[in-house]
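Participant: How does the following fold in three dimensions:
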Amino acid sequence: MLGLSSTPISGAAVAPASWIVPHLSIVIPVYRSAATLAELMQRLDQVLSSMGGDHEVICVEDRSPDDTWSVLEGLTGQYEWLRAVR
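Facilitator: Predicted structure coming up:
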């Protein structure tokens with residue numbers, strides 16, 4: 001079991017005050033998801049917009065053999081809250 005501590009980790013990076021820190025971050029692993037990503041992001045947009053506040057969705061792509069990465073790149077241009085990590 002992992003223990004949680006409020007003590008800062010030595011050498012840990014601290015976000016500059018100018019960064020906007022979202023109130024909600026959602027991390028989604030994606031693999032062979034090219035065919036479903038557009039609909040997923042559209043549904044997330046509806047839900048997240050209705051909630052208000054700052055939010056981000058981080059999609060982690062693990063070298064999927066289909067066009068998942070290309071689709072993600074296109075979607076990041078549509079949704080400012082979407083981040084793609086490979």
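
Participant: buried residues in the strand or helix carrying residue 45?
Facilitator: Residue 45 belongs to helix 37-51 when assigned by DSSP states H and E. Within helix 37-51, the residues that count as buried by 16 or more other Cβ atoms under 10 Å are 37, 41, 44, 48. Every residue, glycine included, has its C-beta placed from N, CA and C.

Participant: Turn these into TSV, columns for distance to residue 21.
Facilitator: As requested, the buried residues of helix 37-51 are arranged in TSV below (distance: Cβ to Cβ, whole Å):
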residue	distance to residue 21
37	25
41	22
44	19
48	16
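
Participant: out of the residues you listed, who's nearest residue 57?
Facilitator: residue 44 (6.0 Å; Cβ to Cβ).

Participant: Now do the SS call for the closest residue to the closest one other than its chain neighbours.
Facilitator: Among residues not flanking residue 44 along the chain, residue 57 sits closest, at 6.0 Å (Cβ to Cβ, 6 or more residues apart in numbering). Counting by DSSP: H, G, I helix; E, B strand; the rest coil, the backbone at residue 57 sits in strand.

Participant: ok, and the nearest residue to residue 85 once chain neighbours are set aside, which helix or strand is that part of?
Facilitator: Using Cβ to Cβ, 6+ apart and skipping residues adjacent in sequence, the residue nearest residue 85 is residue 60, 4.9 Å away. Assigned by DSSP H and E, residue 60 belongs to strand 55-61.

Participant: same check, this time on residue 28
Facilitator: strand 24-30.

Participant: Now do that strand: distance to the chain's middle.
Facilitator: 5 Å (Cα atoms, centre = their mean, to the nearest Å).

Participant: Kindly indicate which of the buried residues of helix 37-51 lies nearest residue 73.
Facilitator: Of these, the one sitting nearest to residue 73 (Cβ to Cβ) turns out to be residue 37, at 10.7 Å.

Participant: picking up where we left off before, please write out the alpha-carbon positions of the helix holding residue 45 in CSV.
Facilitator: What follows is helix 37-51, C-alpha atoms only, in CSV (Å, rounded to 0.1, in the frame of the first residue of the first chain):
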residue,chain,number,x,y,z
LEU,A,37,-12.0,9.0,-30.1
ALA,A,38,-14.0,11.6,-31.9
GLU,A,39,-17.3,10.4,-30.3
LEU,A,40,-15.6,10.1,-26.9
MET,A,41,-14.3,13.7,-27.0
GLN,A,42,-17.7,15.0,-28.2
ARG,A,43,-19.4,13.3,-25.2
LEU,A,44,-16.8,14.5,-22.8
ASP,A,45,-17.2,18.0,-24.1
GLN,A,46,-20.9,18.0,-23.5
VAL,A,47,-20.5,16.7,-19.9
LEU,A,48,-17.5,18.9,-19.0
SER,A,49,-19.1,22.0,-20.5
SER,A,50,-22.2,21.5,-18.4
MET,A,51,-20.0,21.2,-15.2
